[in-house]
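J.: What follows is a predicted protein model with its sequence.
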Amino acid sequence: MKRFRRHGHESQRDRVKQELFQFNKTVEHGFPHQPSALSYSPTLQLLAIGTRSGAIKLFGAPGVEFMGLHDENAAVTQVHFLPHQVELVTLLDDNSLHMWTLRAHQGVSELLEIGRFTLTGPPGAPPSVTRVTAVLAHSSGELLLLGTEGGHVFIVEVPGFRELEERNISLDQVASRVPDSYIGRRNLEHVEALQENPVDPNQVIIGYGRGLMVIWDLDRQCALQHIPATQQLESVWWTEDGHFILSSHSDGSYCQWTVGREDVNEEVEKSDIPYGHFPCKAISKIVQLPTQEGPPFLMFSGGMPRASYGDRHCITVIHSKTHVALDFTSRIIDFFAIRDGPQHTGDPSALVVLVEEELVVIDLQTEGWPVIQTPYLVPLHSSAITCSHHVSTIPLKLWERIIAAGDLQKTHYSKKQWPITGGQNLAPDPPQRDLLLTGHEDGTVRFWDASGVCLYPMYKLSTAGVFHTDADPNDNMNQGSEGEWPPFRKVGCFDPYSDDPRLGIQKVHLCKYSGYLTVAGTAGQILVLELNDEAAEQTVEAKVVDLLQGQEGFRWKGHTRLDVRDEPVLFPPGFQPFSLVQCQPPAVVTALNLHSEWKLVAFGTSHGFGLFDYQQKNTVLVKCTLNPSDQLAMEGPLSRVKSIKKSLRQSFRRIRRSRVSLRKHHVNNAAKLQEANARLEAELAEMELAPVQRKIEARSSDDSFTGLVRTLYFADTFLSDSSHNTPSLWAGTNGGGVFAYMLRLPPVEHRADEAVTAQPAKEIQLMHRAPVVAIVVLDGHGSPLPEPLEVAHDLARSPDMQGSHHLLVISEEQFKVFTLPKVSAKMKLKLTAIDGSRVRRVGVAWFGSSRTEDYGESGLVVLTNQGDLHVVSLPTVKMQVQYPCIRREDVSGIASCVFTKHGQGFYLISPSEFERFSLSTRYVVEPRCLVEAPLHRNSSSHHRPQADGASSAHRTLRPDSEDSEVLQEIQKSLEADQTSFVENNVSAVA
Amino acid sequence: MSRQQHNRTPLKVTDTVVEVKSKFEAEYRRFALKKNGPSGFREFYHLLQTIHHIPGVDVLLGYADIHGDLLPINNDDNFHKAVKSANPLLRIIITKKDEPTVFGTNSLQRRKKGLGLTGLRTTSSGSTHSKNKPGLLIGLPQNFRQISSIIDVDILPETHRRVRLHKHGTHKPLGFYIRDGLSMRVAPQGVEKVPGVFISRLVRGGLAESTGLLGVNDEILEVNGIDVAGKSLDQVTDMMVANSHNLIVTVKPANQRNNVMHRGSKGSMANSGSVGSGGSSGSAPSHDSPSPASQSNPITASNSIAEGDSDDEDDDGDLILENDCLPPYDSQQFTNSNNTNLNRDSPRNRLHNSAVSRPLPQSVSLPNTIGASLSDSSMMMMSNYNGNPAHSSSQEHMREDSNLITL
């Protein structure tokens, strides 16, 4: 009987766990790493980006986003939406084509791969015959034209990928009719471009690499006109009226050709090298769009003079007398223009440029062509992220003040609405306001609205102004002087170059109730800032704190302290520094905490820790934790020299990489792949010859950096006796040491003049000497103590001060609960000794039950060095659930992880992207959006016959059960009084 | 640790008096002993009987040596050794002769717990132990401490060996390296190669080498009872380091000729075993060899007083200093002697608990090695005596000291 009951109890606990915990990776924030292809559907108003890792991402209105991943680990080289459809085709590096669609399922659209296809040539043909170099999605929505390296054009019916062999346009058919006078007729090379006549869908132009262009009639299957350009072709554009063809070439020239009825006009209408005289780089893409009144817009990328500006990444926009060379900080992947009007045929309203590190949208209808701020795809890494900090449930007042401060920084942006508006965001409004703060290498802290699916930049704080830096502030403002040619204009915010690595932000702590912020950096600087709605000019007083405390035999070989500006500095509205602590030696700050109620800041480095009273601006406590035998900590890093070398090497690499154009990449790809494989194998063989060894040794106090302070914690608890709680400061070191100090705060009325004192109260040396990563005090109910001021703002239940408190010390290896005030071990959970993983990141979170509104539990969220997430119960320290989350090789991803107070978290999946995950059943932020299929202009003629559905592979695979879903969809649309969409839903699903 | 000893040596030499703290059952006695006082074991024996008021009771004497092991006093020689080792306190533990007691370092005893961890078998806990079947009374070699042992011989396959390395108390490094490799396994489909972890190198003079129980290319199968199959090299490394204070590795020796079962064979292991100078090689056969002490008067316990060993939980030996007036960290004071007088002041500080009274220098000696030596534990005992709430988290210590904590 007893056994049964216990079993019942366990299963009940299992059920509770299911109601509390569930792991999901929900959304990726930021800018995709290494984008390689761009496409836009004017009818869907959706943007698609393909990446080198094989991901495809679709974006519409803010909150509308989809993501898909190709099974093949190959780069996406091209993306094309099928006109007027919800399908899109991707071309990968491995020459495979993939068909994707947006399918509505339970009222929410999903991006699904529905077919794949690889061209097969005749037997015995070289692979180049079928190597796809150009793709045209025909406006009928039924055909795909595939130009290949061999010069052939294959025609394929979509979405089923049925080859229409009889309609293929072979190289021989074209070459035989090429005029004898054309110099390149012996070798036309690969198909570089395919374009459809905007007014006659039967006509397409085929552009060959050698320069020849042929206008081909798809119905009659014959060439209509040969355009004998003699320069290597880069791109082709057919003007909207169908009268002209623009071609751009590798010598930096572009030509305009008249489309004639007869095959007689071989004269160049107009040829120009816009940045000519000296040799120029290729114009890789050219676009010309008409306007209602007046001259057209001409936009092209590249074409810069090779010698003087060959390293610039430019798009030139010419309209009437305005000529601007938009100068981007990273390589241009692709661009397109968004046009006004219901049919998207009006004036160009915005230019959308995808460069390697960001997406830039330029408002073409406002004077000066300002940039429109992107609501998503924001480059998180405009300067490298060095730390992050998440604050949940921001009070509305603070939220509004931060937004107001941020708005003042965004005045240079266009006032226009975001022009990409496809899809409907169905996600409910986020239940709370969450802030994500990222610290960056250049000394800035960025505030992001992390409440919903879009990680939106709110405000940017720069700390560099407090210090003298080598860089001249005017350096960055090298806007083109009057009359400069080409007329450059810098655009984009990606700027990875830091003036001074010492400015880098290492720790950030924000008190959401008081608006006090503290940030700490690489050179031991700790700034305390206050939110001020007005600009203020003030001098920041620096206080140097000697953490060595007379420790002998010390030589600091690292960087020097930052130079503080003595003169008053004008700080714009927002967070303004009013206090500065500089650690001596100026080692990187490794731990930071702020208690806004007590007005104290605690900070730690590899040498010790200190407590600073920011009201009286004096140091309360300094403790040196240095071990005299620890040479590494004594001398400091010599990383500066190394890093210069490294960054030089990296920049060379970057230059080399940028020279290899991605578009030329595919030509010798197979050879490259083989080469890479061979190298990998050789490396593997080498690894087996010289195996990696690991030393097995107990940790000792002589180990390196044992004195490094890993965590600092403020608690109002029972430190000396069980009847009086007192403020306390706790510090944990890398060597398994815990120091506790009892703080004496003067009464509020004397807070400004009486000194705050700190008395050493306890020291714990953990036997296993593993680094202490977190310290938490649990109240009488076993819940973690609330944050400072949380109770005062009625946002948390006041802690239980009746029962006995417990101290939870989390080391990299164990979770250990001690009693308080008398410290004795009560229970523990061993992690490393059991499964060999170590705690890397830890956070306290509250998990609400999905079943009942009023039940919830506090737990520890733990990320291990194996990349696994664990939830550990409080106060019993028992493992609850475990989920694999990050690859264990992804050290930087693991190190970047930050948890929210409600069981979500973020980690970097690339320098520019945060992955958001949730461990909670109640708090999940994920995109929910619907994309309706567009109305066809002529739906009957474009509607695919249902009968031939069996011929396409993917349709035969579909189970019948889906039919009922279709019916449901129809029903739903009818109910929603959207009868006009019924047919489209059918076509979208069919 | 070494620092402390160096600093205390002059104190010990200049003083002609040795502090003695003796314990019989639950009672403690403190007294001073002149270095040239009782000339021999007999006199000392009678002295203790008088002090504890137990004339006529046959007892066994033991003392805790600097490494925290309980060693017997049964003749003049080891009595003098004990007096010399006072550092500065000499801890004497008295047990009744007829009490059924068991020695902790006996690997045959431990085997009953399998991978259970070394326990502190104080005499007071001996009674709890007597519920188990009485252990074999095997004497210990004097002044030797166990550094390694082969355990679980009866439950393991012959081809495997489970070795326990006792890191505490020695200054020797564990001294070995591990690497990835391929292990041959017999599977239903035939022989297959699976990834495994192997010992790649032994450091000369290290604990692993000196035991002679581990060799290069031995495959590591388990760490403290946990199978390492499927774990990465880094994971296994972390597991071993996490268990380093009491590491039990199960290996499949590369050289199968030296297995424990083959007692007759004298291979390289026997040779390397003799290299172990500091301690007995602790393999199962060595327990059978009688030591001189055990012949005359087998003493009851090898009490590891080291904190790391003081609990069934292996490593609850966190050193906790609770003071309302911990001194500011100062390396100069780091090795200050743990003077009783100074210590006696501290409760007064605590009671008055005023910010005015500056903290008095007190030893903040953090144990440099995992097994805190007697000096540390004696310090803790003394501070307990003085009313400081310092204590190790060890349950055994709690029991032992509970009647003395005067709070």
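T.: On my side now, so go ahead.
J.: Could you list the contact residues of the stretch 51-200 of chain B toward chain A?
T.: Residues of the stretch 51-200 of chain B that fall close to chain A, judged by Cβ under 8 Å from any Cβ of the partner chain: B:167, B:173-181, B:200. Where you see a C-beta, it was placed from the backbone N, CA and C, and this is true even at glycine.
J.: Setting aside sequence neighbours, what's the nearest residue to A:V772?
T.: Of all residues not flanking A:V772 in the chain, A:G732 sits nearest, at 2.8 Å (Cβ to Cβ, 6 or more residues apart in numbering or on different chains).
J.: Please produce TSV containing the residues of the stretch 51-200 of chain B next to chain A, extended by pLDDT.
T.: Below are those laid out as TSV (pLDDT from 0 to 100):
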residue	pLDDT
B:K167	70
B:P173	82
B:L174	85
B:G175	87
B:F176	90
B:Y177	92
B:I178	92
B:R179	91
B:D180	89
B:G181	88
B:S200	90
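J.: What is the nearest of those to A:S920?
T.: Of all those, B:D180 has the smallest distance to A:S920: 37.9 Å, by Cβ to Cβ.
J.: Is the closest one in contact with A:V692, as I believe?
T.: Yes - here B:D180 lies in contact with A:V692, judged by Cβ atoms under 8 Å, at a distance of 6.6 Å.
J.: Those two: which is more packed in?
T.: Between B:D180 and A:V692, B:D180 has the larger neighbour count (other Cβ atoms under 10 Å in any protein chain shown), namely 18 against 12.
J.: how about the more buried one, what does it touch?
T.: The neighbours of B:D180, taking Cβ atoms under 8 Å, 6 or more residues apart in numbering or on different chains as the test, are A:691-692, B:195-198, B:233.
J.: Next one: it from B:K231, what distance?
T.: Distance from B:D180 to B:K231, counting by Cβ to Cβ, to the nearest Å: 11 Å.
J.: intersection of neighbour lists for the two?
T.: Contact criterion Cβ under 8 Å, 6+ apart; residues shared by B:D180 and B:K231: B:V197.
J.: Assign A:Y376 to helix, strand or coil.
T.: coil (DSSP: H, G, I helix; E, B strand; the rest coil).
J.: Can you pull the phi/psi pair for it?
T.: Reported as degrees, to the nearest 10, the phi and psi values for A:Y376 are phi -140, psi -180.
J.: Now do the closest residue to it other than its chain neighbours against chain B, distance only.
T.: Among residues not flanking A:Y376 along the chain, A:C454 sits closest, at 4.8 Å (Cβ to Cβ, 6+ apart). From A:C454 across to chain B, the span is 38 Å (Cβ to the nearest Cβ, to the nearest Å).
J.: burial measure for A:C454, as a count.
T.: Neighbour number of A:C454 under other Cβ under 10 Å is 23.
J.: Mind checking what secondary structure it has?
T.: Applying three-state DSSP: A:C454 is coil.
J.: list the contacts for it?
T.: Under the criterion of Cβ under 8 Å, 6+ apart, the neighbours of A:C454 are A:29, A:62-63, A:375-376.
J.: before we move on, what about A:V16?
T.: So A:V16 contacts A:S849 (Cβ under 8 Å, 6+ apart).
J.: ok so, going back, give me the element the residue nearest to A:V772 is part of.
T.: If you go by DSSP states H and E, A:G732 is part of strand A:726-733.
J.: was I right about A:G856 contacting A:S849?
T.: Yes - in this structure A:G856 lies within contact range of A:S849 using Cβ under 8 Å: 6.1 Å.
J.: Overlap of the contact sets of those two?
T.: A:L20.
J.: what's near enough to touch the residue of the stretch 101-250 of chain B found nearest chain A?
T.: Relative to chain A, the nearest point of the stretch 101-250 of chain B is B:Q235 (3.0 Å; Cβ to the nearest Cβ). B:Q235 is in contact with A:835-837, A:866, B:228, counting by Cβ under 8 Å, 6+ apart.
J.: Please apply the same query to A:Y208.
T.: For A:Y208, the contacting residues are A:151, A:188-192, A:214, A:233, by Cβ under 8 Å, 6+ apart.
J.: try it again with 6 Å
T.: A:188-189 (Cβ atoms under 6 Å, 6 or more residues apart in numbering or on different chains).
J.: do A:N24 as well
T.: A:S918.
J.: Swap in 8 Å and give it another go.
T.: With contact taken as Cβ under 8 Å, 6+ apart, A:N24 is in contact with A:917-918, A:924, A:926.
J.: Can you report how many residues neighbour A:A535?
T.: Neighbourhood size, A:A535 [other Cβ under 10 Å]: 12.
J.: Now do it, the pLDDT please.
T.: pLDDT recorded at A:A535 is 92.
J.: Could you measure from the residue of the stretch 351-500 of chain A found nearest chain B over to A:G504?
T.: Nearest to chain B, among the residues of the stretch 351-500 of chain A, is A:C387, at 24.7 Å (Cβ to the nearest Cβ). A:C387 sits 9 Å away from A:G504, going by Cβ to Cβ.
J.: Overlap of the contact sets of those two?
T.: With Cβ under 8 Å, 6+ apart, A:C387 and A:G504 have common neighbours A:G439.
J.: Got phi/psi on B:H46?
T.: phi -70, psi -40.
J.: what bits of chain A have low per-residue confidence?
T.: A:1-8, A:184, A:261-269, A:470-483, A:629-691, A:935-990 (pLDDT under 70).
J.: just the stretch 251-400 of chain B next, same as before
T.: B:258-316, B:323-400.
J.: how about a cut-off of 90?
T.: B:253-400 (pLDDT under 90).
J.: which ones are touching the closest residue to A:P934 other than its chain neighbours?
T.: The shortest distance from A:P934 to any non-neighbouring residue, by Cβ to Cβ, 6+ apart, is to A:T43 (4.1 Å). Listed by Cβ under 8 Å, 6+ apart, the contact set of A:T43 reads A:83-84, A:344, A:934.
J.: which of those tops the neighbour count?
T.: Neighbour counts for those (other Cβ under 10 Å) peak at A:H84, which has 21 neighbours.
J.: Could I have the PyMOL command that selects the buried members from the contacts of A:N24?
T.: Only the buried entries of those go into this PyMOL selection, using 16 or more other Cβ atoms under 10 Å in any protein chain shown:
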select buried, chain A and resi 917+918+924
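J.: In strands, which of the contacts of A:N24 fall?
T.: Using DSSP state E, the members of those that fall in strands are A:917-918.
J.: The contacts of A:N24 into CSV, with extra columns for distance to B:I92?
T.: Shown next, in CSV, are the contacts of A:N24 (distance: Cβ to Cβ, whole Å):
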residue, distance to B:I92
A:F917, 60
A:S918, 62
A:V924, 66
A:E926, 70
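J.: Count the residues that sit near A:K321.
T.: 6.
J.: For A:P934, pull up the helix or strand it's in.
T.: With DSSP H and E as criterion, A:P934 is part of no helix or strand.
J.: Among the contacts of A:T43, which one sits closest to A:S176?
T.: Nearest member of the contacts of A:T43 to A:S176, counting by Cβ to Cβ, is A:P83, at 31.8 Å.
J.: Make sure that closest one is actually in contact with A:L136.
T.: No - counting by Cβ under 8 Å, A:L136 is not a contact partner of A:P83; they are 10.4 Å apart.
J.: Okay, now the sheet partners of the helix or strand harbouring A:V881, with direction.
T.: Element membership for A:V881, per DSSP H and E: strand A:879-884. With DSSP bridges as the test, strand A:879-884 is paired with strand A:868-873 (antiparallel).
J.: Extract the CA atoms of the partner strand and return them as CSV.
T.: Provided in CSV are the C-alpha atoms of strand A:868-873 (Å, rounded to 0.1, in the frame of the first residue of the first chain):
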residue,chain,number,x,y,z
ASP,A,868,22.2,21.4,-21.1
LEU,A,869,19.6,23.4,-19.3
HIS,A,870,18.5,22.1,-15.9
VAL,A,871,15.8,23.3,-13.5
VAL,A,872,16.7,22.7,-9.8
SER,A,873,14.0,23.0,-7.3
